[in-house]
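Q: Here is my input; please provide its structure:
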Amino acid sequence: SEIFELPITPGNTRRSVAEYGKNRTRQYAQLGVFLCAHSHILLALWDGKDNEKLGGTASVVHFHHHDVMRGYTRTAETSRLILAEDESDLVYHIACSRAQAGGEPLADLEPLSCSWFTSDEHEPRTAEMPQRHERVFAHTNDFSRDAKEHEEAIQNEAWTLIEEDAKAFLPAGVRDIDHVFRVADWLAIHFQKRKIVVLRAAHILAMLMGLMYIAYSDLFPQRIFIIAFIAFFVIAVLINRLGDKGAWHRKYLDYRALAEGLRVQFYWAAAGVTSGSVSKFAHDNFLQMQDSDLGWIRNVMRVAGMECDVKTYTERKGLDFVIRNWIGDKNSGQLGYYRRKGLEKLSRQRFTDRFAAVVLWISFAAFALFALASNDTADLLRAPLVVFMGVLLLVTGVRQSYVFSIADAELIKQYEFMFRAFNKARRRIDQSGDDEERRRVLKVLGDAALEEHAEWILMHRERASDEGEIWRMTG
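A: Okay, here's the model as predicted:
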């Protein structure tokens with residue numbers, strides 16, 4: 001177990017919180033908010049009765065459900081999570097009596113009865129954990145199992161965010177974030193490779209199916225081509241089902257989103273960037289309004305960033321480290337990454353566009369030749385031209401389908417946006433001589449990155465291939 005000592009709340013001293021009173025109550029409120037922000041399940045030994053006592057169990061449970069603690073948080077700080085079915089409202093309630101007059105539990109609760117208590121308006125109390133929370137923990141368990149299965153490879157191959165010479169001055173807590181980042185980043189790359197294998201296999205097999213159909217319908221109407229057509233389709237379905245069974249597509253997207261969230265969390269912690277709120281932390285900014293199943297990502301970030309969230313690190317060395325390694329320049333950091341990847345994607349998109357244009361002009365030339373040829377020549381050219389055009393259009397269609405599946409056009413826009421954001425942030429930071437202003441720029445930059453990654457995961461979720469897509473490509 002680990003013990004963390006929260007700082008004294010602003011305006012208080014050790015002496016002022018030593019005795020019962022409003023000063024000590026604010027310290028309890030701070031503890032309650034911190035526990036809620038970093039708990040997967042909040043354990044409440046409570047009589048179930050609402051009261052107005054700041055920092056008491058009732059106010060902590062209310063904050064866990066509604067993101068507001070009256071007398072401690074400002075209403076303007078309320079998260080967008082109150083509009084979503086998120087994972088952060090789970091309470092395991094054990095009904096307890098108080099050793100005082102009228103201290104029995106709420107009328108509907110038996111002493112020592114247990115229930116799951118959430119903010120669900122239709123069924124707030126249940127004997128079994130709600131299904132939406134079960135799914136969150138199931139995904140968390142998947143991540144833990146994958147990390148354990150590939151532990152040795154991760155240890156040897158994973159890329160770290162911490163330079164060797166930076167270990168001496170960065171806060172110890174960032175190592176926890178870096179450790180989870182290394183796991184998430186390696187697993188994301190691992191499942192991305194598997195997902196690409198499935199995607200390429202599906203498109204290659206779809207093209208082969210199309211070739212078999214063309215061969216059967218326009219060249220040699222023999223049964224072997226129909227058998228081959230069916231065989232290629234069955235192989236494509238089996239490969240696709242294998243990917244679905246292993247959840248390779250979902251894991252790639254989830255683990256990449258987790259890694260990018262941890263990247264922002266790491267650099268914010270190293271630079272001393274805070275939300276400026278007593279109740280908001282890095283994980284509260286990520287995937288707020290997306291699918292509630294993605295809440296497991298915030299759950300992992302809660303644990304990874306706990307030590308860094310206890311006390312803000314404000315050393316200048318950390319700020320310089322973040323500017324150098326996170327933003328970088330046109331050849332390093334995220335600035336260099338988005339510049340390089342944007343050019344790569346643009347080059348591939350241009351190749352696809354040129355290929356489609358070439359096919360268009362070849363098609364035009366072929367039809368012109370067919371139209372201008374004599375009747376005898378046209379009869380000779382008809383079958384070869386039909387086959388040739390069919391093959392060209394098939395290859396073009398499969399190529400464009402593949403480019404759509406990997407969302408190249410959208411990624412180019414995303415990389416251009418992120419490059420401009422990092423470039424502008426670098427310029428603003430270089431022009432500023434105030435560390436707090438630099439931290440504000442890093443805060444805005446991190447928020448933009450988190451928002452963009454949330455859009456990224458939703459975009460790619462729509463690009464999952466299935467058997468219907470294979471038929472469409474063949475058509």
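
Q: which residues sit against stretch 196-212?
A: Stretch 196-212 is contacted by residues 225-226, 228-229, 232-233, 235-236, 239-240, 242-243, 248-249, 390-391, 394-395, 398, 401-402, 405-406, 465, 469-470, 473-474 when judged by CB atoms under 8 Å, 6 or more residues apart in numbering. Using the backbone N, CA and C atoms, a C-beta is placed for each residue, glycine as well.

Q: In helices, which of those residues appear?
A: Under the assignment DSSP state H, the contacts of stretch 196-212 contribute 225-226, 228-229, 232-233, 235-236, 239-240, 242-243, 248-249, 390-391, 394-395, 398, 401-402, 405, 469-470, 473-474 to helices.

Q: Any of the residues you listed buried? List them.
A: 225, 228-229, 232-233, 236, 239-240, 243, 248-249, 390-391, 394, 398, 401-402, 405, 469-470, 473-474 (16 or more other CB atoms under 10 Å).

Q: which stretches of the stretch 51-200 of the chain form helices?
A: 57-66, 131-149, 151-157, 173-214 (DSSP state H, counting those that start in this stretch).

Q: ok, residues contacting the second one?
A: Same thing as helix 131-149. With contacts defined as CB under 8 Å, 6+ apart, helix 131-149 is touched by 40, 85, 87, 90, 116, 118, 129, 154, 183-184, 187, 247, 251, 254-255, 258, 292-293, 295-296, 299-300.

Q: what number of residues lie near residue 19?
A: 8 (other CB atoms under 10 Å).

Q: Next: residue 6.
A: Here the count is done by other CB under 10 Å, and residue 6 has 13 residues near it.

Q: Tell me the predicted confidence for it.
A: Note on residue 6: pLDDT of 85.

Q: quick one: secondary structure of it?
A: Secondary structure, DSSP: H, G, I helix; E, B strand; the rest coil: residue 6 is coil.

Q: Touching, it and residue 33? I think so.
A: No - between residue 6 and residue 33 there is no contact under CB atoms under 8 Å: 9.9 Å.

Q: which residues does the residue nearest to residue 93 when sequence neighbours are not counted contact?
A: Nearest non-adjacent residue to residue 93, counting by CB to CB, 6 or more residues apart in numbering: residue 117, 4.3 Å away. Contacts for residue 117 (CB under 8 Å, 6+ apart) come out as 44, 61, 91, 92, 93, 124, 125.

Q: Now the buried members of these.
A: Judged by 16+ other CB under 10 Å, buried ones among those: 44, 61, 91, 93, 124.

Q: The last one against residue 118, yeah?
A: Yes - counting by CB under 8 Å, residue 124 does reach residue 118; the two are 5.9 Å apart.

Q: residue ranges for the strands of the stretch 1-150 of the chain, please.
A: 42-46, 91-95, 114-117, 125-126 (DSSP state E, counting those that start in this stretch).

Q: Any idea how many residues pack against residue 151?
A: 11.

Q: and the protein, what are its domains?
A: With domains defined by automatic domain parsing, the chain comprises 22-129, 164-474.

Q: looking at the ones you listed, which is buried most?
A: With neighbours taken as mean count of other CB atoms under 10 Å, the domains of the chain reach their highest mean count in domain 164-474, at a mean of 18.

Q: what residues are up against residue 215?
A: Applying CB under 8 Å, 6+ apart to residue 215 gives the contacts residue 225.

Q: From residue 127, how far out is it?
A: According to CB to CB, to the nearest Å, residue 215 and residue 127 sit 62 Å apart.

Q: what do you get for residue 457?
A: Per CB to CB, residue 457 is found 34 Å from residue 127.

Q: What pLDDT is listed against residue 173?
A: pLDDT, read off for residue 173, is 88.

Q: can you check residue 375 too?
A: 71.

Q: Could you report the separation of it from residue 384?
A: From residue 375 to residue 384 the distance is 16 Å (CB to CB).

Q: just residue 272 next, same as before
A: Between residue 272 and residue 384 the distance is 70 Å, computed by CB to CB.

Q: and what of residue 316?
A: 73 Å.

Q: Residue 429 against residue 436, yeah?
A: No - the criterion here is CB under 8 Å, and residue 429 misses it with residue 436 at 11.9 Å.

Q: Done for today, thanks.
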